[in-house]
Structure formats: C-alpha cells, structure tokens
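Please work out how this folds:
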Amino acid sequence: MSEVAEPIRLVHLLRGLTVELDLFGAEFAARNGLHPTDLRALIHLLDAARAGEVVTPGRLGEALGLNSAGTTGLVDRLERLGLIRRERDSRDRRRVRLLVEERAMELGEGFFGGLIGDLVAAMRQFGPGELDTARRFLTAMAEVVAAARER
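You can find the predicted model right below:
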C-alpha cells in the first residue's frame, strides 16, 4: 500500500467508526424519546462533570452551536424528562449551572455499559505503548476536526 493510501484508509476507518458510534447513539436516543442533540448535550455535560467543569446554559448552547431559544428548549426538555437539573451556582447566585441527574447516568450505563465493556476488552489485546499511540492519534484527529469546524 502506498504512503498516501494508508492515511486515506485510516480516514475511512475513522469515518466508519464514527458512523457506527452515531448509529448506536441514535438507537439510545430513539429508545429514550430523545433528539440526537439531546444526547450530544448529555455527553457534553457528563464529560464536563468528569473534568470538574461548570456548564451553564450559555456554555452548553455554545458547545452545541445552538441559539438561546434552542438552548432553552433543549434544557427544558431534558429537565422535564428528569435527565438534568438547573442549580444556582453557590458562588454566583445569578449563574445557573446544569447538572446531570442520576436517572440519565443509569439510562446511559444500561444502554452503553455493554459496549464500553466490550471496547475495553478489545483494548486488552494492545500493549500500553500501542494504547498511548492510539490515544495521541485520536486526540490529534479530534483536534483537526474541531479546528475544521471553527473555520
């Protein structure tokens, strides 16, 4: 295989993985009466919580590319479903932060837990150095895509 063909092959493999993960997420959304944007919002909120970051409705809307009205509708919908809650920031009472409810985590674990377990099991066939390379590769690819979205 040529030096040019191999990177293109990897791009196609990344695209295929992305499609499979998107289809899997769409199934979760459909089973739980969610819009795909609802799922992206929940993922963003969970990732932020793991990183110790506070997410306000404005930051969520910005992250998802939504206007104020769209963000309000999204937050209202997720709150009605019992998946998130609004909470006043203890340091700045004017600021509202968004928190994921336990119900959302349980739904996610019930649906995605098996897949995550299978992914972790598949990773065991790779050594620490290979996994580090994969992590650096995937991080670089995500940064390239994020930069392309900002252009």
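
Next, the spatially most central residue of the chain: phi, psi?
Geometric centre of the chain, nearest residue: residue 43, 3.6 Å, by C-alpha atoms, centre = their mean. Dihedral pair for residue 43: phi -60, psi -40, per degrees, to the nearest 10.

so what pLDDT did it get?
pLDDT, residue 43: 94.

Roughly how far does it sit from residue 7?
28 Å (C-beta to C-beta, to the nearest Å). The C-beta positions use only the backbone N, C-alpha and C, and glycine is treated the same way.

List the buried residues of stretch 84-93.
For stretch 84-93, burial by neighbour count (16 or more other C-beta atoms under 10 Å) applies to residue 84.

How far does that stretch stretch from one end to the other?
End-to-end distance for stretch 84-93: 19 Å, by C-alpha to C-alpha, to the nearest Å.

what residues does that stretch touch?
Applying C-beta atoms under 8 Å, 6 or more residues apart in numbering, the contact partners of stretch 84-93 are 41-42, 45, 54, 57, 75, 78-79, 95-101, 104.

Which members of those occur in strands, if any?
Those of these mapping onto strands are 96, 97, 98, 99, 100, per DSSP state E.

Name the helix or strand for residue 86, please.
Element membership of residue 86, judged by DSSP states H and E, is strand 84-88.

hang on, the earlier thing: give the contact list for the residue nearest to the centre of the chain.
Taking C-beta under 8 Å, 6+ apart as the definition, residue 43 has no contacts.

how close does it get to residue 105?
12 Å.

and the angle for the host helix or strand of residue 118 with strand 96-100?
For residue 118, the element it lies in under DSSP H and E is helix 102-123. Angle of helix 102-123 versus strand 96-100, following axes from the mean of the first three to the mean of the last three C-alpha atoms, to 10 degrees, is 60 degrees.

And the helices in the protein, which stretches?
5-31, 36-51, 57-64, 68-80, 102-123, 128-150 (DSSP state H).

Please name every helix or strand in contact with the first one.
Contacts of helix 5-31 with other secondary structure elements, assessed using 3 or more C-beta pairs under 8 Å, 6 or more residues apart in numbering; DSSP states H and E, are made with helix 36-51, helix 102-123.
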